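>>> here is my input; please provide its structure:
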Amino acid sequence: MAEAIDISKQILDNEYRWYAISVNSGQESTVIDHMQERVSKKAMDDEIIDYLNPIIKEVYYKKWEKVIKETKLYPGYIFVRSKMNEKVRYVIRNTPGVRLIVWAEIKPIPLSQKEYDDMVAHIEEKNSRVEFAVPFQEWDVVTLRDGDFNGMKWLITEIDIAKGMVYVNVEILGRNTPVMVSFDKVEREA
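This next block holds a predicted model:
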């Protein structure tokens, strides 16, 4: 009995901290929904107060159409901000889809404030400049799909990822002239 008391004292932490939770990959959002439901039913809303499933947005082109895709930054992990005691540990650990609280042999170890701040900064940076999965490289041969030069083949001389544009040299009056064309107006040759 004395051992059980010692373990519960080791787990007790009345400060709100972020904890990493290993979950079944692909079920991160479902696990958060289940956990929120369990917390609400047990009236523990003041003990587990926040949930995080880090997602970033990426842009790529599929069949020459711009597609924005959400990608999990840490597949198989979610983060909860909570106090920590035996009751909280039990609710988290027994939520369907949860595998373990990271580093929780006896006492769950929270993320440091720096680790959390770095993770949030990384997410914000990635989402503030939605990244392109560029379907081209310099010197690829492409076919123009639109405009006066529709169907003509040209070499890409430069790529501007930020603008989603490529530069191709188009021959006008016997001279190569660089022309800026958006990604969706050109198609790479196979």
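
>>> what's the spacing between T95 and M35?
Distance, T95 to M35, by C-beta to C-beta, to the nearest Å: 5 Å. Backbone N, C-alpha and C define where each C-beta goes, glycine included.

>>> my bad, should have said M152
Counting by C-beta to C-beta, the gap from M152 to M35 is 57 Å.

>>> quick one: the helices in the protein, in order.
Here the chain has its helices, by DSSP state H, at 2-11, 28-41, 86-93, 113-128.

>>> rebuild these as CSV, extending it with distance to F136, mean pLDDT and mean neighbour count.
Output for the helices of the chain, formatted as CSV (distance: least, C-beta to C-beta, whole Å; pLDDT from 0 to 100; neighbours: other C-beta atoms under 10 Å):
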stretch, distance to F136, mean pLDDT, mean neighbour count
helix 2-11, 54, 54, 11
helix 28-41, 33, 96, 16
helix 86-93, 46, 92, 17
helix 113-128, 22, 89, 13
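
>>> those into TSV, with extra columns for distance to I101?
Converted to TSV, those look like this (distance: least, C-beta to C-beta, whole Å):
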stretch	distance to I101
helix 2-11	10
helix 28-41	12
helix 86-93	6
helix 113-128	15
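
>>> can you check which of those gets nearest to I56?
Among the helices of the chain, the nearest to I56 by C-beta to C-beta is helix 113-128 (4.1 Å).

>>> quick one: distance of that closest one to the chain centre.
11 Å (C-alpha atoms, centre = their mean, to the nearest Å).

>>> and what of stretch 167-183?
37 Å.

>>> what's the answer for stretch 107-120, then?
17 Å.

>>> who touches it?
10-11, 13, 17-20, 54, 73, 79, 84, 89, 101-103 (C-beta atoms under 8 Å, 6 or more residues apart in numbering).

>>> from those residues, which land in strands?
Among the contacts of stretch 107-120, DSSP state E puts D13, R17, W18, Y19, A20, F79, M84, I101 in strands.

>>> nothing else from me, thank you.
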